[in-house]
Structure formats: structure tokens, C-alpha cells
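Participant: here you go, sequence then predicted model.
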Amino acid sequence: MNTLDEMFPNPDDCYYALFQDAVFEHDNDINYIFERGQFKRRDKTAGIKQIVKMADIVYRDIITTGNTLYARCRPYIDYTALWSAVARYSRDIYGFRRITAKLRNLDFTLAPNLQKEVEDIISESADFGFLIPSGSPYIHRQVAILLYWFSVFKPFHLGFVEGTGPLPEDYIISYFNEYFTYYLIGVALHSQSIGLTLHRNLTYFKEFLNELSHRHLSRSSLEFFLPTWMFRQVS
């Protein structure tokens, strides 16, 4: 059985499995790869399978390990919803970087001052459809957008088998998608020495999951809220 360390010998790969542009290929420095002037598309199936494997490990080794309350639970994933969530995240987070990468890869050469002017126009205008006009958005922005779209499409579900015995607490059952997404993101961030702390305050955590599940938290409000509950770990 795989572990996260075996699956991702390079910790950056664990982070990018969840936080990369899921549609177009780029390296770990976010340099896009082009083929004959066009973005090289990722193998969508391979990308989804990588997230699913990561999710399996998180469920097995973090969510349920040593916890008999999950004996009657059977998790499952809606793959279409999972793709929709990561594709929307990719559009919001990487949209600006995509267009600037395309500009730099044009067959004809723009004068440096003109290229900068075009990038500034895109950055300063909200009319182009870019939610985040930045080539390097802060990590809490990335987390906020990912949490938002996973709460919209809800790819993670918890089923049950017949029988007797206790089940997890009601808030976990009711908000399993948001609960699981939170821990999945936490694992990806850990590889970057960033931690989430909201779960340490159970009262706040339950309310957060409720608000997130019912989409009372917008992308902007999540972006404002999350930095309070994130910290950079010191090695």
C-alpha cells in the first residue's frame, strides 16, 4: 500500500497534484509548455487519478486510521464533479498567467514596453473575466478558491453499509465533502511547510464547515478569513 512519501518523493509534487493548473501543463516554476504555439494540454485522466490516489491515502491514513467510527462508512468520489472543481480553480488562479504566457510565446515579438503595457491593461481591468489578476497569487488565495469550488461541486461523499455500530459525528456526515477537502488541502500544504489550524477550535470548525457547505462564504470572504488560520511551519 502506498504512502504519501512513496507517491510523492518530491514534496513539491504533492502540492502541485492539487494546486497545479489542471488543464494545461507547466513545470514547478509555472512555466507553461507549448506545442506548435498552443498550450500543451494535460492528460485529464492521469491528473484526476493522482488526486484520487492522494485522497485514498488521506482517508486511510489521516481520516480513519485507528478510528472505528468509520467501520460502516464507504467513501466515494464523483469524478465529473472533481474535474469541474479543479478546472474552475485552474481558470481562476491561472487565468492571468495563461494569457501572459501566451503573449510571451507569440510568433511575432512584441516590443518589451508594449508587452508590459498589455499585461498592465489585463491586470488593471476587471472586464476581462480574471478573478485574480496576478501571476503569483498568495497561497491563501489559492486555498480559498480551491475550497470554494470543491464546496460548490462536492466531489467527495460518504456512503454507509447496513449494520449496527456507531457512526462519525453528525457534522462530519453532514459536511463530509468540506471536511475531507479541508484535510486533503492540509496534506498538500504540509509539503510546503504551511499548516491549517481551524480544526483545533472545534466550535469554529463546525460553523466554518456549515457555512462553506451552504456556500455562505464567497471566494473573497474565504480569502479574507483564511490567513488567520494558516501558519508557516519552521523546520
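Facilitator: Arrived safely, thanks for sending.
Participant: list the buried residues of stretch 29-46.
Facilitator: Buried positions in stretch 29-46, judged by neighbour count with 16 or more other Cβ atoms under 10 Å: 32, 39, 42. C-beta coordinates here come from the backbone N, C-alpha and C atoms, glycine included.
Participant: narrow the residues you listed to those in strands?
Facilitator: Judged by DSSP state E, strands contain the following of those: residue 39.
Participant: pLDDT of whatever helix or strand residue 178 lives in, averaged?
Facilitator: Here residue 178 sits within helix 176-190, counting by DSSP states H and E. In this model, helix 176-190 carries a mean pLDDT of 96.
Participant: from the chain's centroid, how far away is that helix?
Facilitator: Relative to its parent chain, helix 176-190 has a centroid offset of 9 Å by Cα atoms, centre = their mean, to the nearest Å.
Participant: numbering from 605 from now on, please.
Facilitator: Got it, first residue is 605 now, which makes that one helix 780-794.
Participant: quick one: list the elements packing against it.
Facilitator: In terms of contacts (3 or more Cβ pairs under 8 Å, 6 or more residues apart in numbering; DSSP states H and E), helix 780-794 is packed against helix 615-623, helix 648-662, helix 743-757, strand 760-764, strand 798-800, helix 806-817.
Participant: turn the buried residues of stretch 633-650 into a markdown table, including pLDDT and distance to residue 794.
Facilitator: Output for the buried residues of stretch 633-650, formatted as a markdown table (pLDDT from 0 to 100; distance: Cβ to Cβ, whole Å):
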| residue | pLDDT | distance to residue 794 |
| --- | --- | --- |
| 636 | 93 | 27 |
| 643 | 92 | 30 |
| 646 | 95 | 24 |
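Participant: next, count neighbours for the residue nearest to residue 616 when sequence neighbours are not counted.
Facilitator: Nearest residue to residue 616 in three dimensions, chain neighbours excluded: residue 632, at 5.2 Å (Cβ to Cβ, 6 or more residues apart in numbering). By other Cβ atoms under 10 Å, the residues close to residue 632 number 11.
Participant: next one: residue 811
Facilitator: Neighbours of residue 811 (other Cβ under 10 Å): 13.
Participant: quick one: it and residue 633, what's the gap?
Facilitator: Remark: distance between residue 811 and residue 633 (Cβ to Cβ, to the nearest Å) = 38 Å.
Participant: from residue 631, how far out is the most centrally placed residue in the chain?
Facilitator: Nearest to the mean C-alpha position of the chain, by Cα atoms, centre = their mean, lies residue 750 at 4.0 Å. Distance of residue 750 to residue 631, given as Cβ to Cβ: 20 Å.
Participant: same question for residue 687.
Facilitator: On the measure of Cβ to Cβ, residue 687 and residue 631 end up 22 Å apart.
Participant: ok, those two, which is more surrounded?
Facilitator: Set residue 687 next to residue 631 and count neighbours by other Cβ under 10 Å: residue 687 wins out with 19 against 10.
Participant: list the contacts for that one?
Facilitator: 626, 648, 652 (Cβ atoms under 8 Å, 6 or more residues apart in numbering).
Participant: low-confidence regions, the protein specifically.
Facilitator: Applying pLDDT under 70 to the chain flags the ranges 605, 711-741, 837-839.
Participant: buried residues in the longest helix seen in it, which are they?
Facilitator: Ranked by number of residues, the top helix in the chain under DSSP state H is helix 683-708. Residues 685-705 are the ones in helix 683-708 that count as buried (16+ other Cβ under 10 Å).
Participant: likewise for stretch 744-762?
Facilitator: Those would be 744-755, 757-760, 762, for stretch 744-762 by 16+ other Cβ under 10 Å.
Participant: try stretch 808-822
Facilitator: 809, 810, 812, 813, 815, 816, 817, 821.
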